[in-house]
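In: Structure for this input, please:
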Amino acid sequence: MAEFRDGDPTGVPPGFQHWGSIGSYRLLRRLGAGGMGHVYLARSDRGRMVAVKLVREELAALEEFRERFRQEVASARRVGGYWTAPVLDADTEAPVPWVATGYVAGPSLQQVVGHDHGALPERSVRTLAAGLAHALQDIHAAGIVHRDLKPSNVLITIDGPRVIDFGIARAMETVTEGGLTRTGALVGSPGFMAPEQVRGDPITPACDVFCLGSVLVYAATGNLPFGTAHSGVHALMFRIAQEEPDLDGVPEGIADLVRDCLKKDPAARPALDEVLERTGARDTVAEGRSRDPWLPGALVAQLGRHAVRLLDTENPPGPTAAANGSAPAAGAGPYPSPDAKPAPPPGREPDAPTPA
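Out: Residues are numbered from 1 along each chain as shown. As a prediction, the model looks like this:
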């Protein structure tokens, strides 16, 4: 599934006669778009910031996708805990199906490492690993394998990381480029896939442990353990399936844990309980909160500034109308870009965002 990008200037989804709201939630701005659809920041009538993700029209027309989407949304609603963005509401039967999760006011790990700060110190990576292990335990307890754990699906907050988009990757696996379906379709993000995903083998929760290892390498070094796709996606997938990871730059204190998470054999990877113990951070996090500051001071200050900016976001002017007669929605999504534009009226593209 393609990642959502801040400020992606995509068109207004079909089915909106007026731009303004979904149920009782006022749309404020477009957060991005990707292979799944569009995602929007919104505010409830009580002032809560939410986000709503709408499925693309071509996917909504495929009954196979809708059926899998229904199943995955129902499963995702059962995920509890403090380390995920909870699914709050959905309408899988609407002409434009949507799913809404609790809004997480934080940038993605990809944004933090790739643009804002660079590689994180070892203490931050240990707390990140503990939070992600907690999140995956909650996701797996609901009978879900994430399958697409990657830096853009990990949001960073002052209290710790949060995981989003769990369960959506399995719905996407029913769709191929030709609009057809097949069992075991390749789903995932090159560079953050497990060998069994590359080979088309059965997927188990151990798949997410491998992806966790890849995410930790990226957080600690800014690099991917098997390189990039610049030499070709197939070459990258071969390295994932056959070659040893490059752990150069990974702090010595967590290198063994990361290496074990990246074992080719799913059965040889540590269980999440063991991962949590080996992070050495089990006691530094409690009830979804890091007890001590876990991020460098500059990042903490950045998160504070963005929180203030979020509170200053105003409702855009214009008429309000329910989308497709759907019930009130609530939602979650990626961190809004400071340059993100208010939602445009139908038929008009927003101005292109200013490059960061």
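In: From here on, just use CA atoms for contacts and neighbour counts.
Out: OK.
In: what's the longest helix in this protein?
Out: helix 122-141 (DSSP state H).
In: Can you point out the buried residues in that one?
Out: Buried residues in helix 122-141, counted by 16 or more other C-alpha atoms under 10 Å: 122-140.
In: Stretch 31-42 now?
Out: Quick answer for stretch 31-42 (16+ other C-alpha under 10 Å): Leu31, Gly32, Ala33, Gly34, Met36, Gly37, His38, Val39, Tyr40, Leu41, Ala42.
In: At which residues are the strands of the stretch 101-250 of the chain located?
Out: 154-157, 160-163 (DSSP state E, counting those that start in this stretch).
In: For Val112, find the nearest of the ones you listed.
Out: Between Val112 and these, the shortest separation by C-alpha to C-alpha is 8.0 Å, and it involves strand 154-157.
In: which secondary structure elements does that closest one contact?
Out: Applying 3 or more C-alpha pairs under 8 Å, 6 or more residues apart in numbering; DSSP states H and E, one finds that strand 154-157 contacts helix 109-111, strand 160-163.
In: Trp98 is nearest to which of the strands of the stretch 101-250 of the chain?
Out: strand 160-163 (18.8 Å).
In: my read: Ala129 touches Tyr218, true?
Out: No. Counting by C-alpha atoms under 8 Å, Tyr218 is not a contact partner of Ala129; they are 11.8 Å apart.
In: follow-up on the earlier one: can you add mean pLDDT, distance to Val96 and mean neighbour count and give the strands of the stretch 101-250 of the chain back as TSV?
Out: Formatted as TSV, these follow (pLDDT from 0 to 100; distance: least, C-alpha to C-alpha, whole Å; neighbours: other C-alpha atoms under 10 Å):
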stretch	mean pLDDT	distance to Val96	mean neighbour count
strand 154-157	94	26	24
strand 160-163	93	25	26
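In: Nearest to Thr92, out of these?
Out: strand 160-163 (21.9 Å).
In: got the CA coordinates for the closest one in PDB?
Out: The C-alpha coordinates for strand 160-163 follow below in PDB (Å, rounded to 0.1, in the frame of the first residue of the first chain):
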ATOM      1  CA  GLY A 160       5.800   7.300  22.800                       C
ATOM      2  CA  PRO A 161       5.100   5.800  19.400                       C
ATOM      3  CA  ARG A 162       1.700   4.900  18.000                       C
ATOM      4  CA  VAL A 163       1.000   2.400  15.200                       C
END
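In: name the element Arg68 belongs to?
Out: Using DSSP states H and E, Arg68 maps to helix 63-76.
In: Next: Val50.
Out: Counting by DSSP H and E, Val50 is part of strand 49-55.
In: partner strands of that strand, parallel or antiparallel?
Out: If you go by DSSP bridges, strand 49-55 pairs up with strand 37-43 (antiparallel), strand 98-102 (antiparallel).
In: rank these by mean pLDDT and give me the bottom one.
Out: Here those differ in mean pLDDT, and the lowest is strand 98-102 at a mean of 81.
In: what angle sits between that one and helix 63-76?
Out: If you take axes from the mean of the first three to the mean of the last three C-alpha atoms, to 10 degrees, strand 98-102 sits at 20 degrees to helix 63-76.
In: For Arg269, give its distance to Phe226.
Out: Separation of Arg269 from Phe226 (C-alpha to C-alpha, to the nearest Å) stands at 17 Å.
In: Next one: Thr261, what pLDDT does it get?
Out: If you look again at residue 261, you'll see it is Cys, not Thr. pLDDT, read off for Cys261, is 98.
In: I'd guessed it sits against Leu212; true?
Out: Yes. In this structure Cys261 lies within contact range of Leu212 using C-alpha under 8 Å: 7.3 Å.
In: returning to what we had before: Val250 is nearest to which of the helices and strands packed on strand 154-157?
Out: That would be helix 109-111 among the helices and strands packed on strand 154-157, by C-alpha to C-alpha, at 16.5 Å.
In: Mind giving me the packing neighbours of that closest one?
Out: Using 3+ C-alpha pairs under 8 Å, 6+ apart, helix 109-111 sits against strand 154-157.
In: centre of the chain versus the strand it packs on, how much separation?
Out: Distance of strand 154-157 from the chain centroid (C-alpha atoms, centre = their mean, to the nearest Å) equals 9 Å.
In: Mind naming the longest strand for the chain?
Out: strand 25-33 (DSSP state E).
In: Show me how far that one is from its chain's centre.
Out: With C-alpha atoms, centre = their mean, you get 16 Å for strand 25-33.
In: re earlier: Throw the helices and strands packed on strand 154-157 into CSV and include distance to Ala194, thanks.
Out: Below are the helices and strands packed on strand 154-157 laid out as CSV (distance: least, C-alpha to C-alpha, whole Å):
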stretch, distance to Ala194
helix 109-111, 19
strand 160-163, 18
